[in-house]
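K.L.:
A structural model of the following input is requested.
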Amino acid sequence: MSYQMIHSCIRVLNLEKSEQFYQDALGFKVVRRKDFPEQKFALSYLRSSGSDFELELTWNQDQAEPYELGNGYSHLAVGVADLEASHKRHAEMGLAPKPLKGLPGQGARFYFLADPDGYLIEVVKV
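P.N.:
Take a look at the predicted model:
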């Protein structure tokens with residue numbers, strides 16, 4: 001039996017702001033959106049170019065306080081060929097990326113930035 005990754009879901013306070021972040025910062029595209037006004041929530045599905053894996057953004061209309069993200073160091077990871085140019089671009093966008101880092105014995109291989117709700121995204125050199 002085999003399984004394939006379909007999507008990962010995160011909950012957001014402002015759907016439009018989060019969609020815009022993932023589009024502007026990472027080049028994701030909204031591929032579909034499902035609105036459920038009577039149940040007071042909406043789902044937005046985004047993909048990166050060349051991938052079938054989706055990021056599902058869930059917006060609950062009645063949520064006023066930020067979600068508790070926990071301390072498990074959960075994050076999404078995206079790959080990029082030019083890590084330094086990506087880091088510079090995110091800094092110029094005012095996204096405050098963390099410093100470039102690498103594992104022991106390696107040069108710079110990744111950095112982190114946070115989306116509007118504080119979810120971490122690891123940008124990895126591929």
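
K.L.:
now the strands for this structure?
P.N.:
Using DSSP state E, the strands of the chain run over residues 7-12, 29-36, 41-47, 54-60, 75-80, 110-114, 120-125.

K.L.:
Can you tell me which of these is nearest to residue 97?
P.N.:
strand 110-114 (4.3 Å; C-beta to C-beta). For glycine as for every other residue, the C-beta is placed from the backbone atoms N, C-alpha and C.

K.L.:
Show me what that closest one packs onto, helices and strands only.
P.N.:
Where contact means 3 or more C-beta pairs under 8 Å, 6 or more residues apart in numbering; DSSP states H and E, strand 110-114 is packed against helix 83-92, strand 120-125.

K.L.:
Let me know the angle separating it from helix 83-92.
P.N.:
Strand 110-114 and helix 83-92 are oriented at 20 degrees to each other (axes from the mean of the first three to the mean of the last three C-alpha atoms, to 10 degrees).

K.L.:
May I have strand 110-114 as CSV, with CA atoms only?
P.N.:
Presented in CSV, the C-alpha positions along strand 110-114 are these (Å, rounded to 0.1, in the frame of the first residue of the first chain):
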residue,chain,number,x,y,z
PHE,A,110,18.7,27.4,5.1
TYR,A,111,16.9,30.2,7.0
PHE,A,112,13.5,30.7,8.6
LEU,A,113,10.8,33.4,8.2
ALA,A,114,7.4,33.6,9.7
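
K.L.:
This completes my enquiry, with thanks.
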